[in-house]
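In: sharing a model that was predicted from the sequence below.
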Amino acid sequence: MIEGIINSAGQYFSVMSSASLRYIALAFLTYYISVVLYALRWKLVLKGMGKDVPLFELVKAILASIFMNNITPLSRSGGELLRMAWVSKRARIPTGVSAVSIVYERILETIPVFILFMVGVTYFSEESMLLLLVGIFGVGLLWFKWDAFVGLSLRVFKTDVSDEELSAIFALKKQYNTNILGIGLSSMVWLLDVARLKLIALAFGLNLGWTFIALVSIANLIFGLMAFTPGGIGIIEGGLIGTLTYFGIPSPFAVSITLLERFVSYVVSTIVGFLVLLASGGVEIWKALKSQ
């Protein structure tokens, strides 16, 4: 038994130590290009509401929000609140307006996400299909009851906005260029997520097919949505390893791919986000938010 454990450990170490630094560097590059694209999408939505915020400020807010997401339970439970407070304080945007801009971003994101679900949802349980249907219903409700949702958001956040700002918020869904560009940016982010997994597999010498990589990306997304632990710790790792081994990837490679993916998207992103939070005065913003 001990000999078997030693042999297994040796296999894992051998696979990890063989990783190509070139592909790892490219995986990091795709991750942070995605962050910039997220910031561009947010800037686009804010501009559609008549608020022009510097792109670099939005990039910093997103990086800091990733740190908060990774240390607070449930998906995006702390990060979105930090983003909202960040632009409200730094760009002097009413809290309700910043909150609505973030929600609208997520609406634009749903189209490529639903496509991602539909590509491989049949491989998973009926609960995943139910989650998809609930999501479609929720987004549709938000879209058709947009004016009512905006009014509710402004009341919840006790925010006074000018008539001009309110008109800009109501008019968002009629700004076709903004919507098309936003959906395009969201789709590019998804493609980069798939490309990152492909690069990580290539780092270990596995040239996996794009369809299979897309399926793994779907699984990763589902596990992230289901996760209730900070940053999805334990749930995402276990789910991703299980998915890879289920489809025939040898255990040493499945574990190595998962660990490297989480190193890029969780460990390093948490460190970078924390440093941005410290360097940009985000701690004070977060404290002010908690005190409200």
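Out: Nice, I can see it.
In: okay, CA-based contacts and neighbour counts for the rest of this
Out: Fine.
In: just for the stretch 1-150 of the chain, where's the confidence low?
Out: Within the stretch 1-150 of the chain, the segments meeting pLDDT under 70 span 1-17, 74-77, 115-136, 138-139, 142-143, 149-150.
In: 90 instead, please
Out: Residue ranges of the stretch 1-150 of the chain with pLDDT under 90: 1-21, 45, 47-52, 68-150.
In: show the residue spans covered by the helices in it.
Out: Using DSSP state H, counting those that start in this stretch, the helices of the stretch 1-150 of the chain run over 2-17, 21-48, 55-71, 79-90, 95-120, 126-144, 146-156.
In: now do the buried residues in the longest one.
Out: Think helix 21-48. The neighbour-count check on helix 21-48 (16 or more other Cα atoms under 10 Å) flags 23-24, 27-28, 30-32, 34-48 as buried.
In: so which elements touch it?
Out: Using 3 or more Cα pairs under 8 Å, 6 or more residues apart in numbering; DSSP states H and E, the elements in contact with helix 21-48 are helix 55-71, helix 95-120, helix 176-203.
In: neighbouring contacts of the shortest one?
Out: In other words, helix 55-71. Applying Cα atoms under 8 Å, 6 or more residues apart in numbering, the contact partners of helix 55-71 are 35-36, 38-40, 42-43, 75-80, 82-83, 86-87, 230-232, 266, 269-274, 276-277, 280, 282.
In: angle of that helix against helix 21-48?
Out: Taking axes from the mean of the first three to the mean of the last three Cα atoms, to 10 degrees, one finds that helix 55-71 is oriented at 110 degrees with respect to helix 21-48.
In: extract the C-alpha trace of helix 55-71 and format it as CSV.
Out: Below are the C-alpha coordinates for helix 55-71, written out as CSV (Å, rounded to 0.1, in the frame of the first residue of the first chain):
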residue,chain,number,x,y,z
LEU,A,55,-10.8,51.9,-18.0
PHE,A,56,-7.9,51.5,-15.7
GLU,A,57,-10.1,52.3,-12.7
LEU,A,58,-12.6,49.6,-13.7
VAL,A,59,-9.8,47.1,-14.2
LYS,A,60,-8.6,47.8,-10.7
ALA,A,61,-12.1,47.4,-9.3
ILE,A,62,-12.5,44.1,-11.1
LEU,A,63,-9.2,42.7,-9.9
ALA,A,64,-10.0,43.7,-6.3
SER,A,65,-13.5,42.2,-6.6
ILE,A,66,-11.9,38.9,-7.7
PHE,A,67,-10.1,38.9,-4.3
MET,A,68,-13.3,39.5,-2.5
ASN,A,69,-15.1,36.8,-4.4
ASN,A,70,-12.4,34.3,-3.5
ILE,A,71,-12.6,34.9,0.2
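In: how far does it sit from its chain's centre?
Out: Put simply, helix 55-71 sits 11 Å off its chain's centre (Cα atoms, centre = their mean, to the nearest Å).
In: ok, stretch 101-119 next?
Out: With Cα atoms, centre = their mean as the basis, the mean position of stretch 101-119 lies at 11 Å from the chain mean.
In: ok, stretch 192-211 next?
Out: Using Cα atoms, centre = their mean, the mean C-alpha position of stretch 192-211 is found 19 Å from that of the whole chain.
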